[in-house]
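# Pasted the sequence and its predicted model underneath.
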Amino acid sequence: MKESPIGVFDSGIGGLTVLKEIMNVLPNENIVYFGDTARVPYGSRSAETVTKYAFQSINFLLEKGVKAIVIACNTATARSLSIVQQKYDIPIVGVIKAGVRTAMELTSSGVVGVIGTEGTVGSRAYELEMKSISSRVQVKGKACPLFVPIVEEGWHDTDVAEIIAHRYLDELREDGIDSLVLGCTHYPLLTDTIQRVVGEAVKIVNPAKETAMDLMDTLQKHKLLNERGAQPSYEYYVSDNPEKFSQVGEKFLNRAIDGIKLVEIQKY
Ligand code: DGL
């Protein structure tokens, strides 16, 4: 069991920002990644639909023999984490708790910004989690739907990204946030642009790093850490267009992605 892979899934390539951190923090672990590229984006879909997709992704990963699962997607975490955790026996880790914890540690004014897809911001999942830690925290949520296509287009460091970031984020700056959670897997690639727009004083939180630490704690707790120092294996599956996944994904992951396989996810 300890040498079984970890399953990681996302609506597409965005989860690779989380995968990258997992690879750094847990270099011994074998990993199976699934990107639901046929049905991306999840951000504008209903809670029911995203939950159904999460079940299918988990069923697929279980067939691959995974020992634990990471929902490397904010929208899927917001919509389905508590539901799927009740259904399955193996540990399932999401990305929201990690970002919440870090933001709550970093804020001194108690005014925290959260940006994400319409689904994530609309679910108020970050806000509810933060309020459960401190009822005094003020959470300013803002959906930034154009950020995902900008990143996929490779325009994250351009004037286009900066103009759009001003449109979305100027109001958060005026609200006086002192920390800002990147509540969407694509946004870490926009960190420099976002930092320029909100100002150097605002602390940017990328939940991916803390998620990898949460996963390590979870594996430790369940005695599931892979202690074998062999070269890990990484497998990639997508539901559509493997060529685009490898092209764009390499930017997210900073390494080559080979041998991507197609999966008919509707079957699961
Ligand atoms: N992975 C999604 C998230 O983190 C962003 C892309 C989508 O809308 O599917 O919310």
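Structure's in. What do you need? Residues are numbered from 1 along each chain as shown.
# Pretty sure Gly99 sits against Met130.
No. In this structure, Gly99 is not within contact of Met130 by C-beta atoms under 8 Å, at 9.5 Å. For every residue, glycine as well, the C-beta is placed using N, CA and C.
# Give the closest residue to Gly43 in space, chain neighbours not counted.
Thr117 (2.6 Å; C-beta to C-beta, 6 or more residues apart in numbering).
# Same check on Ala72?
Nearest to Ala72 is Gly15, by C-beta to C-beta, 6+ apart, at 3.2 Å.
# so who does the one you found touch?
Contact analysis of Gly15 by C-beta atoms under 8 Å, 6 or more residues apart in numbering lists 8-9, 33, 35, 72-73, 185.
# do the helix or strand where Val181 lies and the ligand meet?
Val181 is part of strand 179-183, with elements assigned from DSSP states H and E. No. Strand 179-183 lies out of reach of the ligand by C-beta under 6 Å from any ligand atom, never closer than 7.3 Å.
# Tell me the strands beside that strand, with direction?
strand 111-116 (parallel), strand 203-205 (parallel) (DSSP bridges).
# And the longest one, what's buried?
What it means is strand 111-116. Of the residues in strand 111-116, 111-116 count as buried by neighbour count, 16 or more other C-beta atoms under 10 Å.
# Relative to Leu180, which of the residues you listed is nearest.
Leu180 lies nearest to Gly113 out of the buried residues of strand 111-116, by C-beta to C-beta, at 4.1 Å.
# What residues does the stretch 1-150 of the chain have near the ligand?
So far as C-beta under 6 Å from any ligand atom goes, the stretch 1-150 of the chain lies against the ligand at 10-11, 14, 40-43, 73-75, 116-117, 120, 148.
# what angle sits between the host helix or strand of Ala78 and strand 179-183?
Assigned by DSSP H and E, Ala78 falls within helix 74-87. Angle between the axes of helix 74-87 and strand 179-183 is 70 degrees (criterion: axes from the mean of the first three to the mean of the last three C-alpha atoms, to 10 degrees).
# quick one: helix 74-87 to chain centroid distance?
On the basis of C-alpha atoms, centre = their mean, to the nearest Å, helix 74-87 sits 13 Å off its chain's mean C-alpha point.
# Likewise for stretch 183-195?
12 Å.
# Dump stretch 142-158 to CSV, keeping only the CA atoms.
This file holds the C-alpha atoms of stretch 142-158, laid out as CSV (Å, rounded to 0.1, in the frame of the first residue of the first chain):
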residue,chain,number,x,y,z
LYS,A,142,-14.0,38.3,-6.2
ALA,A,143,-14.5,35.9,-9.1
CYS,A,144,-12.0,36.5,-11.9
PRO,A,145,-13.2,34.3,-14.7
LEU,A,146,-11.0,35.7,-17.4
PHE,A,147,-7.8,34.8,-15.6
VAL,A,148,-8.1,31.1,-16.6
PRO,A,149,-8.1,31.6,-20.4
ILE,A,150,-5.4,34.3,-20.1
VAL,A,151,-3.1,31.8,-18.4
GLU,A,152,-4.0,29.0,-20.8
GLU,A,153,-3.2,31.4,-23.7
GLY,A,154,0.3,32.0,-22.1
TRP,A,155,-0.5,35.7,-21.6
HIS,A,156,0.0,35.9,-17.8
ASP,A,157,3.0,38.3,-18.0
THR,A,158,1.5,40.7,-20.6
